[in-house]
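Q: Okay, sequence plus prediction incoming.
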Amino acid sequence: MDILEAIKNRRSIRHYKADAVDDEAINTVLEAAHWAPSWGNAQCWRFVVVRDPETRVAIADTLTKVKVDNDWVENAAAAAFKQAPVVIVLCAELGRAGFRSDGTPVTDKADYWFMFDAALAMENLVLAAHAIGLGTVIVAGFDAKKVAQILEVPDDSTVVTMTPLGFPGHKGQVSPRKDLSEVIYRDKYGK
Amino acid sequence: MELFEAIKNRRSIRRYTSDPVDDKKIETILEAGRWAPSWANTQCWRFVVVRDPQVITGLADTLFTIKMPDKEIPNPGAGAFSTAPVIIVVCAETGKSGAKHGSGDGSTEYVTDKGDWFMFDTALAVQNMVLAAHALGLGTVILGAFDAIQAEKVLGVPDGYRVVTLLPVGVPDHEGKAPPRKELSEIVVRDRWGK
């Protein structure tokens, strides 16, 4: 698939078919993810590929509930974690991206640079999935500490984000984007 | 260009030819960035397209040198600033990504233990941008080791917004090399960590 086509037509998919996703497809999206660039080539990303249905239900339960008319209802993406045959959980090793080898921070954002590098990989992953006909939705509103417990993630790493991976059960809707003129300036901010 | 080809063959490019880069190509790159997903579609990214040589020099001066045990060496990205015709400065509005709906009235409440997700969302856009640039035959390098507060002064970035990364864009004058990647087996586990 053409790169610009993939970028423009990828959608967040929240309903999945139960159809199986084979290991080759999973390897394709992970391979794409790990070709992302990273701070000093530190590659702080780690991926947990979850197929086990019980684990997927446990993970879905960590999603932040949303309050609608005084009732707490399930996050729209929660069902997707049970429908899709695979969930990919993206973790990051802390203290690498943004830090020198002696552990001192390089920038004022060192504590957050793992978020940046993890996202570079995640974008490749969701584009690759789209190109092979699979859907994803990047989910962040969940209890990351609970997911870390469920997956037995060690203390030197953190759970950043996760996505179901499966065949889309719907087309996905286009979220309107701001006009380029609203987000671009020339030479100085605000110009 | 085919997606997987772009993903695998994109390299960080730190030296460029003197060829100009027209606005249409820059717009294609920014258009790719704009189509990235974001927290509740908040699109916190803002882009400053810098062509003014004086501003480029001002930004180059914010790059940190690299401190080695016995010496200090220039930032490997510095060469990019003396040759690139365009620098895209990626900024973010803070207090939006990761925040609860309705907050942002000065008392931002965040949903997760990661607080503000501006680093994550801007990087989703940046990855689209470096891929799009590569597909157009242009080189880029994502720079993070610089004094962002000084860069904000150079550009006049208002409070509530931060400079995240500097992205020089130009026609590559060399091929770029692929830093080795960890084996998938080193970074992927099944169902539980360490399995």
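A: Cool, got the structure. What you are looking at is a predicted structure, and each value in this text was computed from that prediction instead of being measured. Numbers count the residues shown, from 1 in each chain, chains lettered A, B, ... in the order given.
Q: elements contacting the worst-scoring helix or strand of chain A on mean pLDDT?
A: Ranking every helix and strand in chain A by mean pLDDT, DSSP states H and E puts strand A:66-68 at the bottom, with a mean of 73. Where contact means 3 or more C-beta pairs under 8 Å, 6 or more residues apart in numbering or on different chains; DSSP states H and E, strand A:66-68 is packed against strand A:71-73. (Each C-beta comes from the backbone N, C-alpha and C, glycine too.)
Q: how far is stretch B:184-195 from where the chain is centred?
A: Distance of stretch B:184-195 from the chain centroid (C-alpha atoms, centre = their mean, to the nearest Å) equals 28 Å.
Q: List the buried residues for that stretch?
A: Residues of stretch B:184-195 classed as buried: B:187-189, B:191, B:193 (neighbour count, 16 or more other C-beta atoms under 10 Å in any protein chain shown).
Q: wait, does the longest helix anywhere in chain A make contact with chain B?
A: The longest helix of chain A (DSSP state H) is helix A:113-131. Yes - judged by C-beta under 8 Å from any C-beta of the partner chain, helix A:113-131 and chain B are in contact via A:113, A:115-120, A:122-124, A:126-128, A:131.
Q: among these, which ones are buried?
A: In those, burial by neighbour count holds for A:113, A:115-120, A:122-124, A:126-128, A:131, counting by 16+ other C-beta under 10 Å.
Q: Mind putting those residues into TSV with pLDDT?
A: Output for those, formatted as TSV (pLDDT from 0 to 100):
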residue	pLDDT
A:W113	98
A:M115	98
A:F116	98
A:D117	98
A:A118	98
A:A119	98
A:L120	98
A:M122	98
A:E123	98
A:N124	98
A:V126	98
A:L127	98
A:A128	98
A:A131	98
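Q: Show me the two of those that sit farthest apart.
A: A:W113 and A:A131 (27.7 Å; C-beta to C-beta).
Q: wait, A:V160 sits on A:A92?
A: Yes - between A:V160 and A:A92 there is a contact under C-beta atoms under 8 Å: 5.2 Å.
Q: Provide a list of residues in contact with the closest residue to B:R192 other than its chain neighbours.
A: Closest residue to B:R192 apart from its sequence neighbours, by C-beta to C-beta, 6 or more residues apart in numbering or on different chains: A:E152 at 5.2 Å. A:E152 makes contact with B:192-194 under the criterion C-beta atoms under 8 Å, 6 or more residues apart in numbering or on different chains.
Q: just those residues now: which is nearest A:G40?
A: Nearest to A:G40, judged by C-beta to C-beta, of the contacts of A:E152 is B:W193 at 24.0 Å.
Q: re earlier: farthest-apart pair in the buried residues of stretch B:184-195, please.
A: The distance between the two most remote of these (C-beta to C-beta) is 15.3 Å, for B:I187 and B:D191.
Q: Just the element for the residue in chain B that chain A sits nearest to, please.
A: Using C-beta to the nearest C-beta, the closest approach of chain B to chain A is made by B:A123 at 3.4 Å. Assigned by DSSP states H and E, B:A123 belongs to helix B:118-135.
Q: does the closest residue to A:A80 other than its chain neighbours have beta-bridge partners, and which?
A: Among residues not flanking A:A80 along the chain, A:P164 sits closest, at 4.5 Å (C-beta to C-beta, 6+ apart). For A:P164, the beta-bridge partners under DSSP bridges are A:V87.
Q: Contact partners for the residue of chain A found nearest chain B?
A: Closest to chain B within chain A is A:A119: 3.4 Å, counting by C-beta to the nearest C-beta. By C-beta under 8 Å, 6+ apart, A:A119 lies in contact with B:119-124, B:127.
Q: Quick check: chain neighbours aside, which residue is closest to it?
A: Once flanking residues are discounted, A:A119 sits nearest to B:A123: 3.4 Å by C-beta to C-beta, 6+ apart.
Q: Okay, now the unreliable bits of chain A?
A: Counting by pLDDT under 70, chain A shows no low-confidence range.
Q: If you tally nearby residues, what's the number for the spatially closest residue to B:L155 that is not a sequence neighbour?
A: Among residues not flanking B:L155 along the chain, A:Y189 sits closest, at 4.7 Å (C-beta to C-beta, 6+ apart). By other C-beta atoms under 10 Å in any protein chain shown, the residues close to A:Y189 number 18.
Q: Would you quantify the distance from A:Y189 to A:T163?
A: 33 Å (C-beta to C-beta, to the nearest Å).
Q: ok, now B:V90?
A: Taking C-beta to C-beta as the measure, B:V90 falls 23 Å from A:T163.
Q: More neighbours: those two, which one.
A: Taking other C-beta under 10 Å, B:V90 and A:T163 do not tie; A:T163 has more neighbours (27 against 21).
Q: Could you double-check that A:W35 sits in contact with B:I7?
A: Yes - at 5.0 Å, A:W35 counts as touching B:I7 under the criterion of C-beta under 8 Å.
Q: tell me, what's touching the two both at once?
A: Residues touching both A:W35 and B:I7 by C-beta under 8 Å, 6+ apart: A:N124.
Q: Among those two, which residue is more densely surrounded?
A: Shown here are A:W35 and B:I7; by other C-beta under 10 Å, B:I7 has more neighbours (27 against 19).
Q: Quick check: closest non-adjacent residue to A:G172.
A: Excluding the flanking residues, the one nearest A:G172 by C-beta to C-beta, 6+ apart is A:R11, at 2.7 Å.
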